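In: Predicted structure and sequence below. I'll ask about it afterward.
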Amino acid sequence: MFGLFIGKVRKVHQEKMLDLLVDQELGPHYDRIEVAEMVQVALLCTQFQPSHRPRMAEVVRMLEGDGLADKWEATNRPPHDGLGDDHRSDPNGWGSFNDYHDNGGSSLGSDEARSIDMAEEMELSGPR
């Protein structure tokens, strides 16, 4: 379940529809730039591989406005593996969480199910 939620948030972020994530009771009384930055930090902190997640000191710096753009760009840089445009490797370590597939239902492909199983077994935080 968690992986599907992260996939939906990532899709909303990519489509620049972050208003869907904000409490409607706030109305227009929030900073759209801050929401975008918080979502980016959250996506960095929820990467599939724990070793790819930022350390807490980095998170604090990003929340203070230092280094988020660099970390986001480095994390989302396309791979240079020479395998062509059809190769769908995942430089972020998000596994299948990086893709959200809406097939008109909640059915999962084998890759998605495997990634969710691994995420449930994986420790969410730990020494690096």
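Out: Noted; the coordinates are in hand. Residues are numbered from 1 along each chain as shown.

In: surely residue 75 meets residue 52?
Out: Yes - contact status for residue 75 versus residue 52: in contact at 7.4 Å, counting by C-beta atoms under 8 Å. Any C-beta I mention is one placed from the backbone N, CA and C, and that applies to glycine too.

In: ok, those two, which is more surrounded?
Out: residue 75 (18 against 14; other C-beta atoms under 10 Å).

In: Need the pLDDT of the more buried one.
Out: pLDDT, residue 75: 74.

In: got it, and the one 10 residues further on?
Out: At residue 85, the predicted lDDT confidence score is 41.

In: what do you get for residue 79?
Out: pLDDT at residue 79 comes out at 54.

In: With residue 120 instead?
Out: Per-residue confidence (pLDDT) for residue 120: 47.

In: can you check residue 62 too?
Out: Residue 62 is given a pLDDT of 86.

In: And for the one 3 residues further on?
Out: According to the per-residue confidence, residue 65 scores 82 in pLDDT.

In: where's it, which helix or strand?
Out: Under the criterion of DSSP states H and E, residue 65 resides outside all helices and strands.

In: before we move on, what about residue 10?
Out: helix 2-14.

In: then the helix or strand following that helix to CSV, C-alphas only?
Out: Note on helix 2-14: by DSSP H and E, the next helix or strand toward the C-terminus is helix 32-45. Extracted in CSV, the C-alpha atoms of helix 32-45 (Å, rounded to 0.1, in the frame of the first residue of the first chain):
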residue,chain,number,x,y,z
ARG,A,32,2.8,26.6,-3.5
ILE,A,33,6.6,26.7,-3.6
GLU,A,34,6.9,25.4,-0.1
VAL,A,35,4.5,22.6,-0.9
ALA,A,36,6.6,21.6,-3.9
GLU,A,37,9.8,21.6,-1.8
MET,A,38,8.2,19.6,1.0
VAL,A,39,7.0,17.0,-1.6
GLN,A,40,10.4,16.8,-3.1
VAL,A,41,12.0,16.2,0.3
ALA,A,42,9.4,13.6,1.1
LEU,A,43,10.0,11.8,-2.1
LEU,A,44,13.8,11.8,-1.5
CYS,A,45,13.2,10.4,2.0
